[in-house]
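> Have a look at this fold, sequence not included:
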């Protein structure tokens, strides 16, 4: 038996000039048929957007059910790369990073640090200052995201492997509307190793032009689904 699912999602606190990763609650598998984006508040801007089936594919998204956080500073520790980080996701709960852990880093201000790092020392009690191997220190950097390099259930892949739609654009003051898309998808988010339940979402990477903050958008979508009894 077939059916449809439609929803409108409101996205607030959107910032121009950067990637904004927005969750689209949706059945775990189906066919994306309709997708409409329109800015509803803030300085009018053009925008680009891409849809993925995995949160970690977004430039500013980390995978679900992994150790993950942000990189706030990249510094020098006797010629080695030292990262100052936040630890915002814990897998399992309460886990602290240890020597030998491998971290995948992306989105820093220096491209050459956006690689897999191996922790060689944990330099403070909170575990938020770590020294790594993988690339020697050369210049300081800021920003970025980190996560476990090897999620326990579904391995990490290149973001292009998780594309549902790409190369979509919108212009200031206008809706960007797509109909009859016929894009088959299945959620590929990493799963909880104990529950193994599939996430019910797609992920929209929204990149408005300019540098304005506090922009608001609405995203409407419809999917076709098959009910299996």
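That came through, no problem. As the structure is a prediction and not an experimental result, all values here were calculated from the model.
> burial of residue 80, as a residue count?
By the criterion of other C-beta atoms under 10 Å, residue 80 has 16 neighbours. Backbone N, C-alpha and C define where each C-beta goes, glycine included.
> do the same with the one 3 residues further on
Other residues within reach of residue 83, judged by other C-beta under 10 Å, total 25.
> what's the host helix or strand of it packed up against?
For residue 83, the host element (DSSP states H and E) is strand 80-85. Using 3 or more C-beta pairs under 8 Å, 6 or more residues apart in numbering; DSSP states H and E, the elements in contact with strand 80-85 are strand 68-77, strand 116-122, strand 129-133.
> which one of those strands lies closest to residue 187?
In terms of C-beta to C-beta, the element of the helices and strands packed on strand 80-85 nearest to residue 187 is strand 68-77, at 18.2 Å.
> That closest one packs against which elements?
So strand 68-77, by 3+ C-beta pairs under 8 Å, 6+ apart, packs with strand 80-85, strand 145-148.
> Can you redo those as JSON lines, where the extra columns are distance to residue 32?
Converted to JSON lines, the helices and strands packed on strand 68-77 look like this (distance: least, C-beta to C-beta, whole Å):
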{"stretch": "strand 80-85", "distance to residue 32": "35"}
{"stretch": "strand 145-148", "distance to residue 32": "26"}
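> Residue 19: which of those is closest?
strand 145-148 (10.2 Å).
> The closest one - what's its average pLDDT?
In this model, strand 145-148 has a mean pLDDT of 98.
> mind listing what it pairs with, with the direction of each?
strand 68-77 (antiparallel), strand 102-106 (antiparallel) (DSSP bridges).
> For the longest one, which outside residues touch it?
Spelled out, it's strand 68-77. 62, 81-89, 105, 107-110, 113, 123, 131, 137, 140-148 (C-beta atoms under 8 Å, 6 or more residues apart in numbering).
> Kindly report the same for the shortest one.
Counting by C-beta under 8 Å, 6+ apart, the neighbours of strand 102-106 from elsewhere in the structure are 59, 71, 83, 97, 113-119, 132, 144-150, 156.
> Three-state assignment for residue 34, please.
strand (DSSP: H, G, I helix; E, B strand; the rest coil).
> Quickly list what it is bridged to.
Bridge pairing for residue 34 - DSSP bridges - gives residue 222.
> Would you mind confirming that it makes contact with residue 182?
No. At 10.5 Å, residue 34 does not count as touching residue 182 under the criterion of C-beta atoms under 8 Å.
> more neighbours, the two?
Taking neighbours as other C-beta under 10 Å, residue 34 and residue 182 compare with residue 34 leading, 16 against 9.
> tell me the contacts of the more buried one?
6, 177, 178, 179, 180, 181, 220, 221, 222.
> Try it again at 7 Å.
Applying C-beta atoms under 7 Å, 6 or more residues apart in numbering, we find residue 34 in contact with 178, 179, 181, 221, 222.
> And for the fourth one, nearest residue in space, chain neighbours not counted?
Right, residue 221. residue 35 (5.0 Å; C-beta to C-beta, 6 or more residues apart in numbering).
> got it, and the first one?
Of all residues not flanking residue 178 in the chain, residue 35 sits nearest, at 4.9 Å (C-beta to C-beta, 6+ apart).
> picking that back up, quick one, which of the contacts of strand 102-106 are buried?
Neighbour-count burial (16 or more other C-beta atoms under 10 Å) applied to the contacts of strand 102-106 gives 59, 71, 83, 97, 113-115, 117, 119, 132, 144-149, 156.
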